[in-house]
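Student: Coordinates only, no sequence provided:
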């Protein structure tokens, strides 16, 4: 018996990588099973599950988000069943192999692509001769030679989890903080067989399709055919949702035409911006035409119902917090639905390390290897930014504060970044943390802060009403301090109006 396992970040995630490996195991597939857990699953429960079949080999997919938990699990396996052969693969163990605690515990490590190399390793482990080398460099397969894995999503997966799919692999761009910068180019799966597999998933009940392609719109003709496929499936009484990562400065008319046809709630586009500082762009080998990206995002906001998700990264080489704030302020005016704020991570193998000495970049030695400080940004500034990002997620990106957010951000004497920074610092001072804040407390404290910031008492009722409408629209069942029991007719009217406004925001 062979087990292929990984620890997902949460249950709603289903591992596409494991399923690709299983689909391409050949003769070994008949005596191999998948065992997916989450990073929150107790070790004893995972251990019991894995040992129940008395496996000969266990292979683990190791990622930046699960390496510590996987290490703990492997230590438990070594103590309970030292005869089991442990094989590791995945991005986290594909580089700097000799410098990691988890790889010292493994019998074998497969770096890079595993679909060709892993079955050959299993052949040797089962039939002999036993491999002498511990590390096996993955052989990159021709995509047309790979068996697609989508039949391995179970009915329970389709009902309860995100379904990850890919129409291509790799990336032609060289952004130095990203593992995809190590790819030579992007490779596309043959489109007709891929769409046949998507059709089978849909027929089985899949309604959420999350594409992991790094550059979905690299070839507009291919992107258009995929969009048309989903458009043909959309029914008013049976909606679906598709998510794509899109190059922000490359949106030809043939794609725009298809995107405008998607109804509200059916399409999400992730558009990586990362920085609006052109000097920083050069340092990280990023080539985004920001003028064109602005035009495209503005066009999408005004002419489509697509939900727009854009990204910014703090701590990049030569970026100061002032220049980052200026970039945030500019991006805020582009009116994307979400601005996802991240902090630079030193992913193993990425060329971002070439800047370490020049820009005095200090990274955490533990996962997720976040930047601690740089020549241009202090640790204190980055710590404050982390609070900013957490509260931005809870307030702006959550969609719960659609009426309140404009009140927060509208200040004649402060920029958007400065304004929200003031709020985030206030909230952090209040609780000394930026997570696990009860919704009632968050809504209440935001209202108190807004009232304190607006000395004109005539605005206070409007502030409370906006916060109340957002609170009720969020589905919360509690009661804010100034709310009476039950909904008055007036509050009910405000709530109905708030729900209508929120629906327009989400569209």
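Tutor: Arrived safely, thanks for sending. Everything numeric here is computed off the predicted structure, so don't read it as measured data.

Student: For residue 245, list the residues it contacts.
Tutor: 211, 212, 213, 214, 215, 216, 269, 270, 272 (CB atoms under 8 Å, 6 or more residues apart in numbering). All C-beta spots, glycine's among them, are computed from the backbone N, C-alpha and C.

Student: What is the subsequent helix or strand relative to the helix or strand containing it?
Tutor: Here residue 245, judged by DSSP states H and E, is contained in strand 241-246. Per DSSP H and E, strand 241-246 leads on to helix 253-259 as the next helix or strand towards the C-terminus.

Student: Secondary structure element for the residue nearest to residue 426 when sequence neighbours are not counted, which one?
Tutor: Leaving aside its sequence neighbours, residue 426 sits nearest to residue 449 (CB to CB, 6 or more residues apart in numbering; 5.4 Å). Using DSSP H and E, residue 449 maps to helix 439-453.

Student: Could you list the residues in contact with that helix?
Tutor: So helix 439-453 is in contact with 394-395, 400-401, 404, 407-408, 411, 423, 426-427, 430-431, 460, 463-464, 467, 470-471, 474, 476, 478-481, going by CB under 8 Å, 6+ apart.

Student: so what's residue 68 closest to, chain neighbours aside?
Tutor: residue 367 (6.0 Å).

Student: Correct me if wrong: residue 201 contacts residue 149.
Tutor: No - between residue 201 and residue 149 there is no contact under CB atoms under 8 Å: 11.0 Å.

Student: Pull out the buried positions in the helix or strand residue 390 falls within.
Tutor: Element membership for residue 390 (DSSP H and E) is helix 379-392. Burial within helix 379-392, assessed by neighbour count using 16 or more other CB atoms under 10 Å, is assigned to 381, 382, 384, 385, 386, 387, 388, 389, 390, 391, 392.

Student: what does stretch 324-339 give?
Tutor: So stretch 324-339, judged by 16+ other CB under 10 Å, has buried residues 324, 325, 327, 328, 331, 332, 334, 336, 337, 338, 339.

Student: Do me a favour and average the pLDDT over it.
Tutor: Confidence for stretch 324-339, expressed as mean pLDDT, is 97.

Student: same check, this time on stretch 147-155
Tutor: 97.

Student: Endpoint to endpoint, it covers what distance?
Tutor: End-to-end distance for stretch 147-155, by CA to CA, to the nearest Å: 20 Å.

Student: The strand holding residue 245 - which strands sit beside it in the sheet, and in what orientation?
Tutor: strand 208-211 (parallel), strand 267-274 (parallel) (DSSP bridges).

Student: and the longest one, how far from the chain's centre?
Tutor: Distance of strand 267-274 from its chain centroid, counting by CA atoms, centre = their mean, to the nearest Å, is 11 Å.

Student: buried stuff in the next helix or strand after that strand?
Tutor: Using DSSP H and E, the next helix or strand after strand 267-274 towards the C-terminus is helix 278-283. Neighbour-count burial for helix 278-283, with 16+ other CB under 10 Å as criterion, is recorded at 280, 281, 283.

Student: Among those residues, find me the one that's closest to residue 438.
Tutor: Closest approach between those and residue 438, by CB to CB: residue 280, at 37.7 Å.

Student: dump the residue contacts of the closest one.
Tutor: Counting by CB under 8 Å, 6+ apart, residue 280 has contacts 316, 317, 318, 319, 323.

Student: Residue 339 now?
Tutor: Taking CB under 8 Å, 6+ apart as the test, what residue 339 contacts is 310, 311, 312, 328, 331, 332, 392, 396, 397.

Student: Next one: the first one from residue 463, what distance?
Tutor: In this case it means residue 310. 28 Å (CB to CB, to the nearest Å).

Student: hang on, the earlier thing: return the distance of the following helix or strand past the helix holding residue 449 from the chain's centre.
Tutor: Going down the chain from helix 439-453, the next helix or strand is helix 460-473, by DSSP H and E. Here helix 460-473 is found 31 Å from its chain centre; the criterion is CA atoms, centre = their mean.

Student: Using a markdown table, lay out the buried residues of helix 278-283 together with distance to residue 67.
Tutor: Listed next are those as a markdown table, based on distance: CB to CB, whole Å:
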| residue | distance to residue 67 |
| --- | --- |
| 280 | 29 |
| 281 | 30 |
| 283 | 28 |
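
Student: residues near residue 158, how many?
Tutor: Using other CB atoms under 10 Å, residue 158 has 17 other residues around it.

Student: what do you get for the one 3 residues further on?
Tutor: When neighbours are defined as other CB under 10 Å, residue 161 has 19 of them.

Student: pLDDT wise, what is residue 134 at?
Tutor: 97.

Student: how near is the nearest residue in space to it that is not next to it in sequence to residue 375?
Tutor: Once flanking residues are discounted, residue 134 sits nearest to residue 108: 5.8 Å by CB to CB, 6+ apart. The gap separating residue 108 from residue 375 is 41 Å, by CB to CB.

Student: And those two? Which one has more around it.
Tutor: Neighbours were counted for residue 108 and for residue 375 using other CB under 10 Å; residue 108 has more, 22 against 15.

Student: The more buried one and residue 132 touch, don't they?
Tutor: No - Residue 108 is beyond contact range of residue 132, at 10.8 Å (criterion: CB under 8 Å).

Student: any chance you could map the strands in the stretch 301-450 of the chain?
Tutor: 307-314, 338-343, 362-363, 371-373 (DSSP state E, counting those that start in this stretch).

Student: Buried deepest among these, which one?
Tutor: strand 307-314 (a mean of 22; mean count of other CB atoms under 10 Å).

Student: what's the average pLDDT for it?
Tutor: 97.

Student: Contacts only, for the residue lying closest to residue 33 once chain neighbours are set aside.
Tutor: Nearest residue to residue 33, sequence neighbours excluded (CB to CB, 6+ apart): residue 3, at 5.9 Å. Contacts for residue 3 (CB under 8 Å, 6+ apart) come out as 32, 33, 34, 35, 50, 53, 55, 57, 58, 59.

Student: For the residues you listed, give me TSV that also has pLDDT.
Tutor: Listed next are the contacts of residue 3 as TSV, based on pLDDT from 0 to 100:
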residue	pLDDT
32	98
33	97
34	97
35	98
50	98
53	94
55	97
57	98
58	98
59	98
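
Student: can you pick the most crowded of these?
Tutor: Most surrounded of the contacts of residue 3: other CB under 10 Å gives residue 59, at 28 neighbours.

Student: ok so it is a strand residue?
Tutor: Yes - Residue 59: assigned to a strand according to DSSP: H, G, I helix; E, B strand; the rest coil.

Student: I figured it was touching residue 88, is that so?
Tutor: Yes - taking contacts as CB under 8 Å, residue 59 lies within contact range of residue 88: 7.3 Å.

Student: Give me the below-cutoff pLDDT ranges for this structure.
Tutor: Applying pLDDT under 70 to the chain picks out residues 485-507.

Student: Repeat the analysis, applying 80 as the threshold.
Tutor: 236-237, 412, 485-507 (pLDDT under 80).

Student: rewinding a little: which elements pack onto the helix holding residue 390?
Tutor: strand 307-314, helix 321-333, strand 338-343, strand 371-373, helix 416-431 (3 or more CB pairs under 8 Å, 6 or more residues apart in numbering; DSSP states H and E).

Student: Report the angle between that helix and strand 338-343.
Tutor: On the basis of axes from the mean of the first three to the mean of the last three CA atoms, to 10 degrees, helix 379-392 is oriented at 150 degrees to strand 338-343.

Student: Let me know the angle separating helix 379-392 from helix 439-453.
Tutor: 110 degrees.

Student: Helix 379-392: how far from the chain's middle?
Tutor: With CA atoms, centre = their mean, you get 19 Å for helix 379-392.

Student: what's it in contact with?
Tutor: Contacts for helix 379-392 (CB under 8 Å, 6+ apart): 314-315, 321, 324, 339, 341-343, 371-373, 420-421, 423-425, 427-428, 434-435.
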